[in-house]
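Undergrad: please work out how this folds:
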Amino acid sequence: MSDLPTAILELGLLGAACLAFTEKILPVPPSHAVLLFLGMARAPDLATLAMLLAVTTAASTAGCLFWFALGGRLGPARADALILRFGRYIFLRHETYLRFAGAYRRNHMRASLVAQFVPTVRNYLPIAAGALRLPALPFAFATLLGAMLWNAGFLIAGYAMRGSVHDLPTVAFRIMAFVLVIEIAFFIALRWRWRSRLRQLGH
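TA: Predicted coordinates for the structure are as follows:
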């Protein structure tokens, strides 16, 4: 952790909310590290852990709603052009954006939920949801549920290790590496499913 995030965390729950919201706008540091650190260093008991989960989930959802509102202002054509031009700088491939945009059209509740578990996609796909003028309330509910599940996993993992961990950077690196493998596997599974669906449509 850099000095700035640590200083923000000194603000308590407000600082945790600020970090969770900022991570949705610009994922540096990544949510893995932020949430793991919060569970390790800022949750002395279960009551505090529950409050951290509540405030970080609300802040993460607020960050997604920010992008949702931006997408609504841009509209489909300008949002697509924005991702096409700048997506590579935030590690969001235009092809991935288009696939999830198509998933939003088919089942926006499921797509909004699943998007919360895909790297980078979880930050910026709400732009597509807003651009497609999806209903805001179902989108917010699905995003809230996905953010809660995502945040809970890392907060609980950090909390479970709070008393026995002495080398936090090493542990954080190992967990982040493990989660990265899981996310890559999940992304490959999604890609395989999309290709299978395309083959079926081709027939």
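
Undergrad: tell me the centre residue of this protein?
TA: Of all residues in the chain, the one closest to the mean position by C-alpha atoms, centre = their mean is residue 122, 3.9 Å from it.

Undergrad: what sits against that residue?
TA: Residue 122 makes contacts with 115, 116, 146, 150, as judged by C-beta atoms under 8 Å, 6 or more residues apart in numbering. Where you see a C-beta, it was placed from the backbone N, CA and C, and this is true even at glycine.

Undergrad: kindly provide the distance from it to residue 95.
TA: Plainly put, residue 122 is 17 Å away from residue 95 if you go by C-beta to C-beta, to the nearest Å.

Undergrad: export the contacts of residue 122 as JSON lines, with columns for pLDDT and secondary structure.
TA: JSON lines is the format used below for the contacts of residue 122 (pLDDT from 0 to 100; DSSP: H, G, I helix; E, B strand; the rest coil):
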{"residue": "115", "pLDDT": "75", "secondary structure": "helix"}
{"residue": "116", "pLDDT": "79", "secondary structure": "coil"}
{"residue": "146", "pLDDT": "89", "secondary structure": "helix"}
{"residue": "150", "pLDDT": "89", "secondary structure": "helix"}
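
Undergrad: identify, from those residues, the entry nearest to residue 59.
TA: Ranked by distance to residue 59 (C-beta to C-beta), these are led by residue 150 at 12.6 Å.

Undergrad: can you tell me the closest non-neighbouring residue to that closest one?
TA: Distances taken as C-beta to C-beta, 6 or more residues apart in numbering place residue 116 nearest to residue 150, at 5.4 Å, with adjacent residues excluded.

Undergrad: hang on, the earlier thing: now, among the contacts of residue 122, which is nearest to residue 103?
TA: Residue 103 lies nearest to residue 115 out of those, by C-beta to C-beta, at 8.3 Å.

Undergrad: list the contacts for the closest one?
TA: 100, 121, 122, 125, 126, 143, 146.

Undergrad: again with residue 159
TA: Contacts for residue 159 (C-beta under 8 Å, 6+ apart) come out as 39, 40, 43, 49.
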